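*Asks:* sequence first, predicted coordinates after that:
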Amino acid sequence: MAKFNIPNCLTVLTFMISHLKTINAGSSYSFSFESFDKNPNFQSNIALYGDAKVAGNGSSLQLTRSVSSSAGRVMYKQPIKLVEGISGNTVSFSTNFSFLMSRDGGDGLAFLLVPGGFNVRMFDNSPFGLNLGPEKSGPKFVAVEFDTKRDAEYGDLNDNHVGIDVGAFVSVKVRNVSSNDMVLNSGKRLHSWIDYEAGSKRLEVRLSQSGDMKPIDPLLSYPLDLSNMWNDERVLIGLSSSNGNSSQTCFLYSWSLKLRHVPQWIHFHATDARILLNVRNQRPIVPEECSVHPGDFEFKKVKVVVDKAVQDGKH
């Protein structure tokens, strides 16, 4: 005989509803720029450094000029916490952008995550103009590079690759874009999607021709725990480009970013279980005469008799 305890079930339901409310209560942020001069949020949220400037009547951002040793950077002004304080939960994020690089062989373009104290105004001769100092003592950073120059110092695969860099410019994961019939510095627009999923702790990179749908399969996928890298430190997000000794130009035509906080109810800790157990064991608040008693449900076998005419298909 199965017993169904109504008060206990209501307690569990109430507990779940209270946790589900955090979906709406959880903070999230997103921005999307398809143009860069008419959007009122652009100047208040985005900063340009180096040679970066608004171009084409606001239709694009030009990061590098057609002269050697040019470098430019576009950064989201507000430092972001990718790890929530008390819970320690990591925030997921998705970004996508369309870009174009001329046919010259410069350093290319990099999407980057750097510590909040990083000097975004400073440039040097390092890849993408990033002044990161010595490898061992420099700041922790994550970058996705769209590299159009083969640099033996960093073990580059070729002059047409996408790589994931973690704390150094020697990529931990790299892919030859030529195998996907794409050329990074073809002078044509490309579109990239970069997603970090806090649950699986994976960074995924996708790339396609501009106007194509987002690919199902990632170009690159790499396991990465950002909570161990920065703890609760704030980070800056942006895009940086440099052309080295070439005259390569780099343009950005759109940029979107979305942060997704994992709802707290998903992270069910042992403390939550103890709280639920304590609530469950409390005496009912309503008077005893109004208390609800457990309902007993009994299941019995039912014998079904099939008429022979029906069984034979006759009516």
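*Replies:* Looks like it came in fine.
*Asks:* which stretches of this protein aren't confidently modelled?
*Replies:* By pLDDT under 70, the low-scoring segments of the chain are 1-28, 85-88, 133-139, 262-315.
*Asks:* and it, what are its domains?
*Replies:* 2-18+268-311, 27-262 (automatic domain parsing).
*Asks:* grab the most central residue of the protein for me.
*Replies:* Phe93 (2.3 Å; Cα atoms, centre = their mean).
*Asks:* re earlier: what's the most buried one of the domains of the chain?
*Replies:* domain 27-262 (a mean of 18; mean count of other Cβ atoms under 10 Å). Every residue, glycine included, has its C-beta placed from N, CA and C.
*Asks:* from the middle of its chain, how far away would that domain be?
*Replies:* With Cα atoms, centre = their mean, to the nearest Å as the basis, domain 27-262 stands 12 Å off its chain's centre.
*Asks:* the chain should start at 19 in everything you say after this.
*Replies:* Sure thing, new numbering starts at 19, so read that last one as domain 45-280.
*Asks:* name the element the residue nearest to the centre of the chain belongs to?
*Replies:* Secondary structure assignment for Phe111, by DSSP states H and E: strand 110-119.
*Asks:* immediately after that strand, which helix or strand?
*Replies:* strand 126-133.
*Asks:* which elements pack onto that next one?
*Replies:* Counting contacts by 3 or more Cβ pairs under 8 Å, 6 or more residues apart in numbering; DSSP states H and E, strand 126-133 packs against strand 110-119, strand 160-165, strand 252-260.
*Asks:* of all the ones you listed, which one is nearest Pro236?
*Replies:* strand 160-165 (11.3 Å; Cβ to Cβ).
*Asks:* give the pairing partners of the closest one; include direction for each.
*Replies:* Its sheet considered, strand 160-165 pairs with strand 126-133 (antiparallel), strand 179-184 (antiparallel) by DSSP bridges.
*Asks:* can I get those in JSON lines with distance to Val162?
*Replies:* Putting those into JSON lines (distance: least, Cβ to Cβ, whole Å) gives the following:
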{"stretch": "strand 126-133", "distance to Val162": "5"}
{"stretch": "strand 179-184", "distance to Val162": "6"}
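*Asks:* select, out of the ones you listed, the one closest to Gly74.
*Replies:* Gly74 sits nearest to strand 126-133 of all the strands paired with strand 160-165, at 17.4 Å, using Cβ to Cβ.
*Asks:* what's the angle from that closest one to strand 252-260?
*Replies:* Strand 126-133 runs at 160 degrees relative to strand 252-260, counting by axes from the mean of the first three to the mean of the last three Cα atoms, to 10 degrees.
*Asks:* can you dump the C-alpha coordinates of strand 126-133 into CSV?
*Replies:* As requested, the backbone C-alpha atoms of strand 126-133 are provided in CSV (Å, rounded to 0.1, in the frame of the first residue of the first chain):
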residue,chain,number,x,y,z
GLY,A,126,45.5,39.9,-36.5
LEU,A,127,42.7,40.2,-33.9
ALA,A,128,42.2,38.9,-30.4
PHE,A,129,39.2,38.7,-28.1
LEU,A,130,40.5,39.0,-24.6
LEU,A,131,39.7,38.7,-20.9
VAL,A,132,42.2,40.5,-18.7
PRO,A,133,42.3,41.5,-15.0
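*Asks:* between it and strand 110-119, how many degrees?
*Replies:* Per the same axes, to 10 degrees, the angle that strand 126-133 makes with strand 110-119 is 150 degrees.
*Asks:* now what about strand 126-133, what contacts it?
*Replies:* 81, 100, 113, 115, 117, 119, 138, 145-146, 148, 157-167, 183, 202-203, 210, 212, 244, 248, 251-259, 266, 268 (Cβ atoms under 8 Å, 6 or more residues apart in numbering).
*Asks:* next: stretch 206-224.
*Replies:* Applying Cβ under 8 Å, 6+ apart, the external contacts of stretch 206-224 come out as 107-118, 129, 160, 162, 164, 180, 182, 200, 202, 225-230, 232-233, 235-244, 271, 280.
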